[in-house]
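Student: okay, predicted coordinates and the sequence, questions at the end:
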Amino acid sequence: MELLIILIFVIGYLFIATEHTIHINKTATALVTGVLCWTVYILNSDPHLVTHQLLEQLGEISSILFFLMGAMTIVELIDSHDGFELINRTISTRNRMKLLWIICSLTFFLSAVLDNLTTTIVMVTLCIKLVRNEKYRLLFIGMIIVAANAGGAWSPIGDVTTTMLWIGGQISTTVIITKLFFPSLVSMLVPLGVASFLIKGELQHSDISDLSTSKVRASVFEQRLILFSGITILLLVPVFKTITHLPPFMAMLLGLGILWILTEILHRGKAEEEKQKLSVIRALEHSDVPSVLFFLGILLAVGVLQHTGQLTYLAGLLTSTFESETVILTLIGMLSAIVDNVPIVAATMAMYSLDVYPMDDSFWQLLAFCAGTGGSLLIIGSAAGVAAMGLQRISFGWYLKYISWLALLGYLSGIGAFILQQKLFLN
């Protein structure tokens, strides 16, 4: 039974990793893999026990999925009100190097609030409008991916993997921000500093003064209100969890409900068609549901490996082969560039117990950093990279040649910064 489950899991992984080659959506593969693994498990075990384990697993998974759905809807609502255009209008420089630093800095901090996927979509769209020269535009987008993943690593809501660790009780809000901000910043600044020498000169006569290619449906007041309300709600989610001790998805759903009421009142007197375009219902329709289902399928599959003891065995194998925790986590982070970091982190959480590594242990901190930033090593290694590929034609080979080595410099520098910070703190 165990061998068959592992075989199904490995084949599913291969299909997910080669999604762009075989042209089969990874969400479909993940769902089939997750259900098949549980099917094999229940047919060869006590049905009552497996059903109980499945329902228990689903309860844990649901907390992550509802959190993600709420966050995605809030961000989509901000976008439907053209809230991000306010950010676009603040950029006025024509110097390529300055523009690169501005865009990467914005990306780094926005990723911590909005999540790295959403921020990448916003900043790549902006970059396409600002930088006409294809050579420079691709370099800009490559650095946006690096900055987005670095920014998402130091916030509990910046990346799906950090959110998983936060909800799972491996890390707390205060610790992930204070302990990972500096390493994450270093992992962006090192490649950004090197890339600055590759980007020189001024922007061509461009459309800086007219960034919007579509008519703004919301007024300036509405843009500002929804943007600041949405970001405030996202920022207050960790605070709500700390005060009430309720799961984070409860705070996210509360925030979504409040924003829903606000938009209903705000657009009450408008025509029905315009009201619908700016409604939460429309935002829900445009949310990335396939990504949510992908997480569901993957986490279900990982759950079977956990219950059958395969992950415990793998943890022991890794520990006996590589005595250094830093080496193990560095390799896990690099592996997340090849295989999606969500199942990698889910598997690691299942492999290593909180009894061995308690909450806020340096092990979990470094895992959050490595899984978050390691995906930058390849363009298919993170949701940010895949999103950028969809918005701008970037080949796997081009990214490997021009960006991967920069991302690797940042990745290793960030790990070094984390180790140095740990030594200084302990001493």
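Tutor: That came in fine, so what should we check first?
Student: any idea how far I176 is from K270?
Tutor: 41 Å (Cβ to Cβ, to the nearest Å). No exception for glycine: its C-beta is placed from N, CA and C like everyone else's.
Student: again, but for I261
Tutor: Note on I261: its distance to I176, by Cβ to Cβ, is 31 Å.
Student: who's more crowded, K270 and I176?
Tutor: Neighbour comparison, K270 and I176: the larger count goes to I176, with 26 against 13 (by other Cβ atoms under 10 Å).
Student: which of the residues in the helix or strand containing T51 are buried?
Tutor: Secondary structure from DSSP states H and E places T51 in helix 47-80. For helix 47-80, the buried set under the neighbour-count rule, 16 or more other Cβ atoms under 10 Å, comprises 50, 53-54, 57, 61, 63-80.
Student: also stretch 218-230?
Tutor: By 16+ other Cβ under 10 Å, the buried positions in stretch 218-230 come out as 218, 222-223, 225-227, 229-230.
Student: pLDDT (mean, whole number) over that stretch?
Tutor: Averaging pLDDT along stretch 218-230 gives 86.
Student: what sits against the spatially most central residue of the chain?
Tutor: Compute the mean C-alpha point of the chain, and by Cα atoms, centre = their mean the closest residue is D159, 3.2 Å away. Counting by Cβ atoms under 8 Å, 6 or more residues apart in numbering, D159 touches 111, 115-116, 149, 152-153, 371-372.
Student: pick the one among the residues you listed closest to V239.
Tutor: D115 (17.9 Å; Cβ to Cβ).
Student: next, count neighbours for the closest one.
Tutor: Neighbour count for D115, taken as other Cβ under 10 Å: 27.
Student: is it in contact with G70, as I believe?
Tutor: No: between D115 and G70 there is no contact under Cβ atoms under 8 Å: 11.7 Å.
Student: element containing the residue nearest to F322 when sequence neighbours are not counted, please.
Tutor: Of all residues not flanking F322 in the chain, I328 sits nearest, at 5.0 Å (Cβ to Cβ, 6 or more residues apart in numbering). Remark: I328 resides in helix 325-335, with elements defined by DSSP H and E.
Student: next structured bit after that helix?
Tutor: Next along the chain after helix 325-335, taking DSSP H and E as the criterion, comes helix 341-351.
Student: could you give the average pLDDT over that following helix?
Tutor: The average of the pLDDT scores along helix 341-351 is 78.
Student: hmm, who's touching it?
Tutor: Residues from elsewhere that reach helix 341-351 (Cβ under 8 Å, 6+ apart): 13, 160-161, 164-165, 168, 170, 294-295, 298-299, 301-303, 305-306, 311-312, 314-315, 318, 332, 335-336, 367, 371-372, 374-375, 381-382.
Student: any of those buried? List them.
Tutor: Among the contacts of helix 341-351, those classed as buried by 16+ other Cβ under 10 Å are 13, 160-161, 164-165, 168, 170, 294-295, 298-299, 301-303, 305-306, 311, 315, 318, 332, 335-336, 367, 371-372, 374-375, 381-382.
Student: those residues in helices, which ones?
Tutor: Among the buried ones among the contacts of helix 341-351, the members falling in helices (DSSP state H) are 13, 160-161, 164-165, 294-295, 298-299, 301-303, 305-306, 311, 315, 318, 332, 335, 367, 371-372, 374.
Student: buried sites along stretch 324-335?
Tutor: Buried, per 16+ other Cβ under 10 Å, within stretch 324-335: 325-326, 328-330, 332-335.
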